Structure formats: C-alpha cells, structure tokens
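**Q** Coordinates for the following, if possible.
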Amino acid sequence: QVQLVESGGGLVQAGGSLRLSCAASEIIFSTNAMGWYRQAPGKQRELVASITSGGNTNYADSVKGRFTISRDNAKNMVYLQMNSLKPEDTAVYYCNGILIVAGTVKVPLKSWGQGTQVTVSS
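**A** Down below sits the predicted model:
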C-alpha cells in the first residue's frame, strides 16, 4: 500500500520552531531518497530538503542552516526540524519518495499525501 502521512504543522511566530513528521509505507521509503517539499499559495511545489538512504542530505538555499532533515529507517519515518522560521516559510509541506535519475535529477513519486500546513506569522 502506498501511503504518506505528514503531521506536525501549525501556526508559529517568526523565529519559532516546528518539527514535521512523515510516516511512509515501505515501498516509498525504499526509494533512492526521501524529501520534504512545500507549496505556497500561487507558487509551484518546491523541494526544500532531501536525504538519501545512506543519510546524505541536501537543502534548498532558502532553508540552509535553519532546517534539518533526518530519517529513522527502522520506523519508516522522515522528519524536518525547522528553526528560525520566517513568514516566507508559510506553505503546505509534503514528504515523498525521490527517484534520482542520471545521478542528479530528483524526481518525486506520483502519489502525494495530504500535507501539513505551516503558517508563520510576522
């Protein structure tokens, strides 16, 4: 069964922190990598952080130094620790499995979860 369940979002003031969690089914968790994406109103969905099965991480420039992605392979869980949040971080956050094509291209799987809303007030 293909399943992604995100949780942990909420309303927080600028400068605050949130920790997002994602429970993934085995078939998704076994892909090349797992990632956190976000989609703000009127904008395209963007990849903000990814972590390979071996633990290598990568971050969008906009979140480097503030967000930390991690995974628990025993529990099929992925986490996103978000610190020093800014109003521009406001979005629906999604996790998904990632296929790495040609060594560098990161392609998300087709199915998405419901996401979790993060709202940062100024």
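**Q** May I have the beta-bridge partners of the most centrally placed residue in the chain?
**A** In the chain, the residue lying closest to the centroid (C-alpha atoms, centre = their mean) is residue 36, at 1.5 Å. When bridges are called by DSSP bridges, residue 36 pairs up with residue 49, residue 95.
**Q** shouldn't it be in contact with residue 94?
**A** Yes. Counting by C-beta atoms under 8 Å, residue 36 touches residue 94, with 7.2 Å between them. From N, CA and C alone the C-beta is placed, and that goes for glycine too.
**Q** which residues are contacting the helix or strand where residue 68 lies?
**A** Assigning secondary structure by DSSP states H and E places residue 68 in strand 67-72. Strand 67-72 is contacted by residues 34-36, 48-51, 55, 57, 59, 77-83 when judged by C-beta atoms under 8 Å, 6 or more residues apart in numbering.
**Q** Quickly run through the sheet partners of it, with directions.
**A** In the sheet, strand 67-72 lines up with strand 77-82 (antiparallel) (DSSP bridges).
**Q** ok now do residue 88, which residues does it touch?
**A** Counted by C-beta under 8 Å, 6+ apart, residue 88 has contacts 40, 62, 120.
**Q** top of these by neighbour count?
**A** Highest neighbour count within the contacts of residue 88, by other C-beta atoms under 10 Å: residue 120, with 20 neighbours.
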